[in-house]
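Colleague: what follows is a predicted structure for the sequence shown.
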Amino acid sequence: VVFVRETPGLDAAKVAQVRRGCMVSGRVSNGWLCLDHDTRSTANVPETAAGAFMLIDGRSRGLGLLLESRGCHGSSKDSLA
């Protein structure tokens, strides 16, 4: 399980969670994936949440690699699982 947080930070409020193997997409910024509208809906992120961010690589915090790229090179969006 990977948590979706309202802002990009491990101390930020958890607004949803995504199971291993699920495809998510959005824009990558500073090691976090900002979920796009379709992924927010699929992940059941509440409409009231100000944002929806997933940490990509938590190895420096002992969490391991959380999201893995599924190769959308040349696209304006990134797809991860």
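Modeller: That came in fine, so what should we check first?
Colleague: need the residue closest to the centroid of this structure.
Modeller: When C-alpha atoms, centre = their mean is applied to the chain, the residue found nearest the centroid is residue 54 (2.7 Å).
Colleague: quick check, pLDDT for residue 15.
Modeller: Here the pLDDT value assigned to residue 15 is 98.
Colleague: which ones are touching it?
Modeller: 4, 5, 6, 45, 46, 49, 52 (C-beta atoms under 8 Å, 6 or more residues apart in numbering). Placement of C-beta: from N, CA and C, glycine included.
Colleague: so which of those comes closest to residue 58?
Modeller: Of all the contacts of residue 15, residue 5 has the smallest distance to residue 58: 11.9 Å, by C-beta to C-beta.
Colleague: so the closest one sits against residue 12, correct?
Modeller: Yes - counting by C-beta atoms under 8 Å, residue 5 sits close enough to residue 12 to count as a contact (4.0 Å).
Colleague: who touches both of those two?
Modeller: Shared contacts of residue 5 and residue 12, defined by C-beta under 8 Å, 6+ apart, are found at residue 53.
Colleague: who's more crowded, these two?
Modeller: Using other C-beta atoms under 10 Å as the criterion, residue 5 and residue 12 rank with residue 5 on top: 21 against 17.
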